[in-house]
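Colleague: next one to model:
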Amino acid sequence: MPAAAVGRLRRLIRLRRLSPVEQPLPESATAVAIIMDGNGRWATRRGLPRVAGHRAGVEAVRHIVERAPDAGICRLTLYAFSSDNWNRPATEVESIFWLMRAYLRMETKKLKQQGVKLQVIGRRDRLPKTLLRAIERAEFATSDGQRLHLRVALDYSSRDAIARAFSNVANANTLNAAQSPDLLRSAVANALTADGNVDLLIRTGGEKRLSDFLLWESAYAELLFTDRMWPDFGAADLEAAIGEFGRRQRRFGGLPATAPVSAAPSLRGAQ
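Modeller: Numbering: from 1, shown residues only. Now for the predicted structure:
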């Protein structure tokens with residue numbers, strides 16, 4: 001057997017011996033963000049209370065998180081509760097937070113075993129203390145996960161995050177935006193995209209808007225909207241979305257690598 005083939009085989013054997021926590025992410029892994037919309041409507045159409053839809057939505061989260069690494073996803077950001085969701089009835093908000101605590105209590109051990117690193121993004125000063133403690137325990141317990149970086153956006157507003165990043169960077173570096181806007185922009189971008197940008201943003205539930213979610217990080221994200229309600233969104237839907245993403249051509253403002261470069265039109269010949 002050629003030496004190169006032997007080396008590849010040995011590396012494959014070593015990877016198989018690693019636990020999920022130790023397995024490195026593939027270089028081609030995709031960063032996906034999902035706006036999990038449609039829980040309430042899913043329940044209403046079935047004559048159920050809205051909280052039943054949120055419970056079903058938690059089950060969908062379990063399936064998607066479990067499938068994400070095998071689908072080639074390295075970072076998965078889920079929009080669980082926006083800052084604007086505080087405008088919903090207090091009973092519904094309390095139910096969402098209760099379900100979040102229950103998910104963390106029941107799933108943290110499994111997330112750790114699966115090599116999932118959990119991080120909650122968004123404001124924490126308005127969250128119930130019981131939920132905040134559960135978040136901190138789960139984040140600490142899963143901090144070594146390397147197979148999937150799972151981020152849950154809770155009390156999150158992208159506009160608020162951008163404003164805070166500008167304020168923090170400007171204060172820390174005493175930058176004058178009028179004198180060095182490019183430097184300020186670069187520093188803010190680094191603060192907001194420390195974990196990387198979003199490659200694919202999915203929204204379920206039939207709506208076609210971003211709803212103040214990862215606006216800076218999704219500047220060049222591919223967008224995919226589906227009518228399927230979040231509780232019905234399963235592993236097959238996730239794989240189909242990744243397949244659609246793979247067929248799209250991302251140019252980031254440039255031209256395709258195979259596109260011919262045409263000469264600039266001559267002004268002399270223009271009539």
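Colleague: what's around I162, how many residues?
Modeller: 16 (other CB atoms under 10 Å). Backbone N, C-alpha and C define where each C-beta goes, glycine included.
Colleague: how much space between the closest residue to it other than its chain neighbours and S158?
Modeller: Nearest residue to I162, sequence neighbours excluded (CB to CB, 6 or more residues apart in numbering): W216, at 5.7 Å. Applying CB to CB, to the nearest Å, the value for W216 to S158 is 7 Å.
Colleague: one more: R124?
Modeller: Taking CB to CB, one finds R124 at 16 Å from S158.
Colleague: neighbour-wise, which of the two wins?
Modeller: Using other CB under 10 Å as the criterion, R124 and S158 rank with S158 on top: 22 against 13.
Colleague: show me what contacts that one?
Modeller: 210, 212-216 (CB atoms under 8 Å, 6 or more residues apart in numbering).
Colleague: next up, phi/psi of F213, please.
Modeller: phi -120, psi 110 (degrees, to the nearest 10).
Colleague: thought it was touching A80?
Modeller: No - with contact defined as CB atoms under 8 Å, F213 does not reach A80; the gap is 10.8 Å.
Colleague: who has more neighbours, the two?
Modeller: Shown here are F213 and A80; by other CB under 10 Å, A80 has more neighbours (26 against 21).
Colleague: name the SS class of that one, please.
Modeller: Put simply, A80 is strand when judged by DSSP: H, G, I helix; E, B strand; the rest coil.
Colleague: that one reaches F97, doesn't it?
Modeller: No - with contact defined as CB under 8 Å, A80 does not count as touching F97 (9.9 Å).
Colleague: just the element for K110, please.
Modeller: Per DSSP states H and E: K110 is located in helix 90-113.
Colleague: pLDDT (mean, whole number) over that helix?
Modeller: Averaging pLDDT along helix 90-113 gives 96.
Colleague: and stretch 34-42, by the same measure?
Modeller: pLDDT averaged over stretch 34-42 gives 97.
Colleague: contact partners of that stretch?
Modeller: Here stretch 34-42 has contacts from 50, 53-54, 56-57, 60-61, 64, 76-80, 201-207, 210-211, 213, 228-233, using CB under 8 Å, 6+ apart.
Colleague: and it, what's buried?
Modeller: 34-42 (16 or more other CB atoms under 10 Å).
Colleague: that's a helix at L118, yeah?
Modeller: No - assessed by three-state DSSP, L118 does not belong to a helix; its assignment is strand.
Colleague: wait, it touches K109, no?
Modeller: No - contact criterion CB under 8 Å: L118 and K109 do not qualify, at 11.7 Å.
Colleague: which of those two has more neighbours?
Modeller: Using other CB under 10 Å, the more surrounded residue of L118 and K109 is L118, with 23 against 12.
Colleague: and stretch 219-231, which residues are buried?
Modeller: Result for stretch 219-231 [16+ other CB under 10 Å]: buried residues 221-222, 224, 226, 229-231.
Colleague: which ones among these map onto strands?
Modeller: 222, 224 (DSSP state E).
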